[in-house]
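S.K.: Build the 3D model from these lines:
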Amino acid sequence: MWPRRRQPSSDEALVRSLYEEHGRALLAYATRLTGDRAAAEDVVQETLIRAWKHAGALSEAEGSVRGWLFTVTRNLVADRYRARAARPTEVAESPGAVPVERDHSQRVVDSMVALEALDTLSDEHRSVLVELYFQGRTVTETAEVLGIPSGTVKSRSHYALRTLRDWLDTSPVALRGVGG
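M.R.: Modelled structure (predicted):
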């Protein structure tokens, strides 16, 4: 036994008749406004959904049904335009693009390792590196801040960096307070 075909409701009949009578004109209007047939089809579909939701407002006594449909279409296109203008445009990644860092955990670990390595230096070596690399001072400025000759700043930074390099090459990176 075949299932009986369902009779369309009056709302469905309304949407179907609106589409048959005004669909082509709405699609042409929406296409002209959007410049994109697929977007225009979406707008016409949304217009018909709104007509279905507001079926009571679609009486000829209240005004032109066609005018109401065109106004809804124009408003929907304007809303889409405003929404697109409010959002930043999406840019596809190009093959040569620098990958976006998705997780900053590696930077955190690197910072912790660097701080642990700095703790292995003498106060004199550490203070020179802090002034040069963390404060961004020149050799002359570092010498003035620390009250030592420029040559001493250069030699301390050289030996401090060599000590750090040796420590990183020979020490397994085991962060204090992390892991077991």
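
S.K.: got the buried residues for the lowest-mean-pLDDT helix or strand in the chain?
M.R.: Using mean pLDDT, DSSP states H and E, helix 105-118 stands out as the lowest-scoring helix or strand of the chain, at a mean of 77. Buried residues in helix 105-118, defined by neighbour count with 16 or more other CB atoms under 10 Å: 113, 117-118. All C-beta spots, glycine's among them, are computed from the backbone N, C-alpha and C.

S.K.: Please produce TSV containing those residues, extended by distance to Leu161.
M.R.: Putting the buried residues of helix 105-118 into TSV (distance: CB to CB, whole Å) gives the following:
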residue	distance to Leu161
Val113	15
Ala117	11
Leu118	11
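
S.K.: tell me what the least confident helix or strand of the chain is packed against?
M.R.: Applying 3 or more CB pairs under 8 Å, 6 or more residues apart in numbering; DSSP states H and E, one finds that helix 105-118 makes contact with helix 150-170.

S.K.: which regions of the chain sit below the pLDDT cut-off?
M.R.: The chain contains residues with pLDDT under 70 at 1-9, 11, 57-63, 89-105, 172-180.
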